[in-house]
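Enquirer: I'll drop the sequence and a predicted model, then ask my questions.
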Amino acid sequence: MMEDNTALASLFELTMDNVYDLSEENVSYLLNKLISDLPREKRPPYVNIISKAFDFRSIGSSNHTLKSDLMISGYKFFPIPYNNKLIMGVRRKRSVKVY
């Protein structure tokens, strides 16, 4: 339970600056928490921040050809807890953060 609260706290502290410090695993976890814990109308600001640094998409878990192609282009795949027919691919965008 403490892990869930920590994830939500980090979700609410998410900014354009610190999103670049997240790993693909962190992003997958945060996106799953967003979908499961926040109402639909409160999700867009967080999704917009995450999408500045990461690309993400869901594909069918049985689509091995597409998964292989996306893995070649840098996607890492994670299970979606509430849907066993889909997996989520997350990839860090290639653009460089400007300081």
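Expert: Thanks, I have it.
Enquirer: where is the longest strand in this protein?
Expert: strand 83-92 (DSSP state E).
Enquirer: avg pLDDT for that one?
Expert: Strand 83-92 carries an average pLDDT of 95.
Enquirer: in the longest helix seen in the chain, what counts as buried?
Expert: Ranked by residue count, the top helix of the chain under DSSP state H comes out as helix 24-37. Buried residues in helix 24-37, defined by neighbour count with 16 or more other CB atoms under 10 Å: Glu24, Asn26, Val27, Ser28, Tyr29, Leu30, Leu31, Asn32, Lys33, Leu34, Ile35. C-betas here are computed from N, CA, C, even on glycine.
Enquirer: contacts only, for the second one.
Expert: Residues near Asn26 by CB atoms under 8 Å, 6 or more residues apart in numbering: Ser10.
Enquirer: and it, what pLDDT?
Expert: Asn26 carries a pLDDT score of 93 in this model.
Enquirer: phi, psi for the nearest residue to Ser28 once chain neighbours are set aside please.
Expert: Once flanking residues are discounted, Ser28 sits nearest to Phe78: 4.0 Å by CB to CB, 6 or more residues apart in numbering. Main-chain dihedrals, Phe78, degrees, to the nearest 10: phi -140, psi 150.
Enquirer: follow-up on the earlier one: show residues contacting the longest strand of the chain.
Expert: 24, 27-28, 31-32, 53-62, 67, 70, 73-80.
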